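>>> coords below, sequence missing:
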C-alpha cells in the first residue's frame, strides 16, 4: 500500500539524486504520508540517508523535485524550510565549549531575526524539548564532556526545540544503549500521536516494524516496497532486500512483525 504521489505535504517527484557524478537514486518518486511515523529501511549504501537528505534539502536533485506543501523545496528560503522541517543528521559536531542548554537553544534560530529576538516562548520551547529528550539535568554541562548517547539525546532536544510539524531523523538511535533506544523511539511515537510527521532511517528492522506506522524498504537506490509493517514485512521481502533467511513471527509484546534470522543451528555445535 502506498500514498499517491502529490497527496502528501512532503513527497519526491521523479528525482535523480546522488553525490558529484555518482547517482544513488534515479527517477525516484515517493510520498511521506501525513502524520505518519515513516521509517526507511534497507542494507548499507542502499540510498536511505541520501533520500532523507533530499527530503531535507541538504542534497539537491539533478532532475525532478522534492515538493513541500505544494512547492519545490528549493524555492523556499532557508529559514522557511527550517520552520517546517526539522533534521537530526547522522553526524553532528557541537561548537567547542558550548553548554547543553545553549546548543538546544540553537533550535530556535529559524524564529529569530533583526526584529524578533529571544522571547519567553523560545525559552519554554527549549525547556520542553530538554524535558522530552531527558537532558534537563545536563543543561549546564558542556556538550563535549558528555557520552555519545548523551550527546545524541541533546541533538534530539535541539531538533525538538525547532518545533516543526515534520521531523527527519538520520539513524537517531546511533550510540545509544538499548534502554535509551527504546525511550527515544517511544518519544518519537508520542510526537507522532500528537500530529507530527516523522521520517527516520533505522538499521534495526524489528524496531522499524514495531514503532513505525509506514515503512519504505530500499535496495540499490530504488524502493522495493512500502506500506504498513504488517503488510510488507515478510520472509520474501527480508530475503530480497537484505539477503537474509529468516522467519517472521508476531512480536510477543506489540504484535508487530518480528524478524528472526535463521543462520546456522548452533545448538548442534554445543558439546
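Noted; the coordinates are in hand. All values derive from a computational prediction rather than experimental measurement.

>>> now residue 101: how far from residue 39?
According to C-beta to C-beta, to the nearest Å, residue 101 stands 30 Å off from residue 39. For every residue, glycine as well, the C-beta is placed using N, CA and C.

>>> Comparing those two, which residue is more hemmed in?
Taking neighbours as other C-beta atoms under 10 Å, residue 101 and residue 39 compare with residue 39 leading, 28 against 18.

>>> Just confirm that one is within a helix.
No - going by DSSP: H, G, I helix; E, B strand; the rest coil, the assignment for residue 39 is strand, not a helix.

>>> how about the nearest residue to it, chain neighbours excluded?
Once flanking residues are discounted, residue 39 sits nearest to residue 212: 3.6 Å by C-beta to C-beta, 6 or more residues apart in numbering.

>>> Does that neighbour touch residue 229 like I think?
Yes - using C-beta atoms under 8 Å, residue 212 is in contact with residue 229, at 6.0 Å.

>>> Of the two, which one has the most company?
The neighbour count for residue 212 versus residue 229, taken as other C-beta under 10 Å, is higher for residue 212 (28 against 22).

>>> dump the residue contacts of the more buried one.
Counting by C-beta atoms under 8 Å, 6 or more residues apart in numbering, residue 212 touches 37-39, 200, 202, 229.

>>> Can you name the next helix or strand after the lengthiest helix in the chain?
The residue-count maximum for a helix in the chain (DSSP state H) belongs to helix 178-193. Per DSSP states H and E, the first helix or strand lying C-terminal to helix 178-193 is strand 197-201.

>>> re the thing from before, report the buried residues of the longest helix of the chain.
Across helix 178-193, burial judged by 16 or more other C-beta atoms under 10 Å covers 180-181, 184-185, 187-188, 191-192.

>>> same thing with stretch 255-264?
For stretch 255-264, the neighbour count (16+ other C-beta under 10 Å) marks 256-259 as buried.

>>> State the mean pLDDT of that stretch.
Averaging pLDDT along stretch 255-264 yields 91.

>>> Stretch 139-154 too?
On average, stretch 139-154 scores 90.

>>> Quick one: end-to-end distance for that stretch.
9 Å (C-alpha to C-alpha, to the nearest Å).
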